[in-house]
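Novice: Below are the sequence and a predicted model for it; my questions follow.
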Amino acid sequence: MESSHNIDTLLQELTQHGYIADRSLATTLFLLLRLRRPLLIEGHAGVGKTEAAKVLASMLQTELIRLQCYEGLDANSAIYEWNYQKQLLAIKIQDGTSASVEEKEKHVFGPDFLLKRPLLRAITAEKASPVLLIDEIDRADEEFEAFLLEVLSDFQISIPEMQTIRATHVPYVILTSNRTRELSDALKRRCLYQWIDYPSPEKELQIVLTRMPDIEKELGVQIVKFIQQLRTRSLSKPPGVAETLDWAAALLSLGKKSLTPETVEETIGCILKSNEDISKVQTEGIEAILSF
Amino acid sequence: MITKSVVEFCQFLRANGFSIGIKETIDSLSATNIVTITDRDAFKSALRSLLSTSREEFELFDPLFERYWHAVTPRESQTGPRANAIASVKLPEGNITRGLSEAKTEAQIEERITSGASAVERLKRTDFSQIPLSDLPLLEQIALQLWRKMSMRLMRRWRIYGTTGRLDLRRTIRHSINHGGEPLDLVRKGRKKKKMRLVTLLDVSGSMDLYSAFLLRFLYALNRYFKRVDSFLFSTRLIPISRTLRKDQLSAVLGDLTKTVEEWSGGTRIGDCLQEFNLKFASKALTKNTVVIILSDGWDTGTPQLLSDQLAKIKRRARKLIWLNPLLGVSGYEPITRGMSTARPYADVFAPAHNLDSLLALEKHWSL
């Protein structure tokens, strides 16, 4: 568990697991492990926010429990739900038995009939502290956020029909947000905060070379240079690291050795996801951007 | 006495607009047990993730950290920082700014300090025509944020309205036949969701010059956060702009619109424009769930009869007609222009639209 004794070994371990982080993020993750405080990560789309949680879980060799937020996410799909169908059947089966009403009730509201959703699963993890990833919290409603805050302060969930369940192993919590709306102050103050920016060219190249060991370094350099250029243009959806990697994979499988304007033209759909952006880049000229 | 410097640093951040309380201060003290102060870089990152709560604060943190700690080397800090550390830090003079990397971040800091809550409140109340150019970006930022919050509230209200449903026993029983008479699937009687639609018509004639640019941004925000909005500009003729407004970036939208609208700031023929609207668009856009918003000062060079007829047509087909007049915010203004006195009887709501507060106040009229 406490495998990382200091920030630099943690940084190394992250790298070994294929995640190239800067030292600032490593420090924050180190704090997360030590202080057991939730961490809120914000950043542009595709800079590796979700990836951070995944790699943390694999590094700690623990379970990753993911709660994807969306508008209208409610307690039933985030915490728990009773398996009504099974309950009804159980009542039917018990019909002829001599059990008292209390006993019957206790039976159908027992653990066998409880459908655990991510938050409850995170709290009831048996072996070790899991990593709980609450993805895109900004998409959930404010009511859910308020509820989440409660869970994050006590790490307990009360189920009226059973009892209050307290965490046996307090999970490591990572929240991500794309800033489509402001989160509540209370939640933000509860969490550590990390902003992940687009990586520097050197770091991005390192990411490409780590994740795509087969790629020729020269092509990697060209890819990163082009992507970094694109990010300086005012595009509606600038390419993230995820797009860089997608593109590299595409070029690799097409057997390209270097970037030509034609190659870029053919594969531009990997990095630019809106028509306006594509025509904007084409107006400027792919060749011009390549030669920067 | 590292404790003392950390506490003072927290106070320094608070003075620079960070929301830091006792809890945060204690947290950062506990961090000093985990990260040694001699590892300056890690120490900075640790405090930054503990004490900042947004991208803005996150980016503001580094220069502030350098400013406070640059004089205090790790060794010195263990023997205690000088008593006047804070005083000297608060006044950015002489070599204190030496540690700052760029002038830009310095400017951001200053901006942060001056743009406190009171400035926001002031801007919300200022008439659009009176706002100095230098405040425009800030106003725009505040406006987008407020409108976003407003639309979140509205969406939620509608959603809750739409999801209540009682058990539909008839269908529940029918489904239960498959399960030997046990009602395993509970079927709910969903009330039909009422979706509100918006139609916005913005006057861009010369008399509206000082306001139309802001109101256009308002339309942009509405378009962005509501799904069913039909937007139009009008002066001497009607220009549909919904498609343009759907672009992602406001600057692109404004650029496109300036290109399409050649008679921007010309005269007004409200009646004719509304007639065009009624002929071409009303059959699709107007339903019993449509709220129509007209933003205009009512200076009309057409005939009152035409205006009156067309408004009556709109009124018949739409749920509600809201007329927003920026001049209503001007003290002493009476809506007695010919156009306005014609239009007034048809408007369900007649309200000012001269500053942010007045636009935000509209929220209460937007229910069906």
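Specialist: Now that the structure is in, tell me what you want to look at. Numbering: from 1, shown residues only, chains lettered A, B, ... in the order given.

Novice: Okay, domains of the chain per the record?
Specialist: Defaulting to chain A. A:7-74+A:122-196, A:80-116, A:201-290 (automatic domain parsing).

Novice: Sorry, I should have been clearer: chain B.
Specialist: B:2-114, B:164-191, B:197-365.

Novice: how far out from the middle of the chain is the last one?
Specialist: In this case it means domain B:197-365. 19 Å (C-alpha atoms, centre = their mean, to the nearest Å).

Novice: beta partners of B:R197?
Specialist: B:T290 (DSSP bridges).

Novice: For burial, what's the neighbour tally of residue 233?
Specialist: This is for chain A. 12 (other C-beta atoms under 10 Å in any protein chain shown). C-beta: built from backbone N, CA, C; applies to glycine.

Novice: wait, chain B
Specialist: By other C-beta under 10 Å, 26 other residues sit near B:L233.

Novice: ok, what's across the strand from it?
Specialist: Under DSSP bridges, the beta-bridge partners of B:L233 are B:L202, B:I239.

Novice: Wait, it touches B:V204, no?
Specialist: Yes: using C-beta atoms under 8 Å, B:L233 is in contact with B:V204, at 5.0 Å.

Novice: can you list the residues of chain A near chain B?
Specialist: A:7, A:23-24, A:27-28, A:30-31, A:34-35, A:37, A:39, A:42, A:72, A:84-85, A:88-89, A:92, A:141-142, A:179, A:181-182, A:185, A:188-189, A:191-195, A:234, A:236-237, A:274, A:276 (C-beta under 8 Å from any C-beta of the partner chain).

Novice: which other helices and strands contact the helix or strand where A:L33 lies?
Specialist: Here A:L33, judged by DSSP states H and E, is contained in helix A:23-35. In terms of contacts (3 or more C-beta pairs under 8 Å, 6 or more residues apart in numbering or on different chains; DSSP states H and E), helix A:23-35 is packed against helix A:7-16, strand A:39-43, helix A:49-60, strand A:172-177, strand A:192-196, helix B:22-34, helix B:40-51.

Novice: The ones you listed: lowest mean pLDDT?
Specialist: When mean pLDDT is averaged over each of these, helix B:22-34 scores lowest at a mean of 88.

Novice: Are the helix or strand harbouring B:A221 and chain A in contact anywhere?
Specialist: Element membership for B:A221, per DSSP H and E: helix B:209-225. No: using C-beta under 8 Å from any C-beta, helix B:209-225 stays clear of chain A, with a minimum separation of 10.1 Å.

Novice: Just to check, A:G18 is in contact with A:S58?
Specialist: No: using C-beta under 8 Å, A:G18 is not in contact with A:S58; the gap is 9.0 Å.

Novice: can you give me the strands for the stretch 51-200 of chain A?
Specialist: Taking DSSP state E, counting those that start in this stretch to define them, one finds strands in the stretch 51-200 of chain A at A:64-68, A:80-82, A:114-116, A:131-135, A:156-158, A:164-166, A:172-177, A:192-196.

Novice: just the angle between the first one and strand A:131-135, please?
Specialist: For strand A:64-68 against strand A:131-135, the angle by axes from the mean of the first three to the mean of the last three C-alpha atoms, to 10 degrees is 20 degrees.

Novice: Find the centremost residue of chain B, please.
Specialist: What sits nearest the mean C-alpha location of chain B, by C-alpha atoms, centre = their mean, is B:L144, with 2.4 Å.

Novice: Please report the distance of it from B:R269.
Specialist: Distance, B:L144 to B:R269, by C-beta to C-beta, to the nearest Å: 32 Å.

Novice: circling back to that earlier point, got CSV for the strands of the stretch 51-200 of chain A, with distance to A:A248 and mean neighbour count too?
Specialist: Shown next, in CSV, are the strands of the stretch 51-200 of chain A (distance: least, C-beta to C-beta, whole Å; neighbours: other C-beta atoms under 10 Å in any protein chain shown):
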stretch, distance to A:A248, mean neighbour count
strand A:64-68, 25, 19
strand A:80-82, 42, 17
strand A:114-116, 39, 16
strand A:131-135, 24, 25
strand A:156-158, 43, 14
strand A:164-166, 45, 13
strand A:172-177, 23, 25
strand A:192-196, 20, 24
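
Novice: what about the helices in the stretch 251-368 of chain B?
Specialist: Ranges of helices within the stretch 251-368 of chain B are B:270-280, B:282-285, B:304-317, B:338-343, B:356-360, based on DSSP state H, counting those that start in this stretch.

Novice: repeat for the stretch 101-250 of chain A
Specialist: Under DSSP H, counting those that start in this stretch, the stretch 101-250 of chain A gives helices at A:101-108, A:118-123, A:142-154, A:185-190, A:201-211, A:217-232, A:241-253.

Novice: Tell me how far the longest one lies from the chain's centre.
Specialist: So the one you mean is helix A:217-232. 25 Å.

Novice: Packing partners of it?
Specialist: Checking 3+ C-beta pairs under 8 Å, 6+ apart, helix A:217-232 ends up next to helix A:201-211, helix A:241-253, helix A:286-290.

Novice: Export these to JSON lines and append columns for distance to B:A318, mean pLDDT and mean neighbour count.
Specialist: Formatted as JSON lines, these follow (distance: least, C-beta to C-beta, whole Å; pLDDT from 0 to 100; neighbours: other C-beta atoms under 10 Å in any protein chain shown):
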{"stretch": "helix A:201-211", "distance to B:A318": "53", "mean pLDDT": "93", "mean neighbour count": "17"}
{"stretch": "helix A:241-253", "distance to B:A318": "44", "mean pLDDT": "94", "mean neighbour count": "19"}
{"stretch": "helix A:286-290", "distance to B:A318": "49", "mean pLDDT": "87", "mean neighbour count": "15"}
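
Novice: Compute the first-to-last residue distance for stretch A:56-67.
Specialist: 16 Å (C-alpha to C-alpha, to the nearest Å).

Novice: how far out from the middle of the chain is it?
Specialist: Using C-alpha atoms, centre = their mean, the offset of stretch A:56-67 from its chain centre is 11 Å.

Novice: now swap in stretch A:184-193 and tell me
Specialist: 18 Å.

Novice: tell me which residues of that stretch are tucked away?
Specialist: Neighbour-count burial for stretch A:184-193, counted by 16 or more other C-beta atoms under 10 Å in any protein chain shown, picks out A:187-193.
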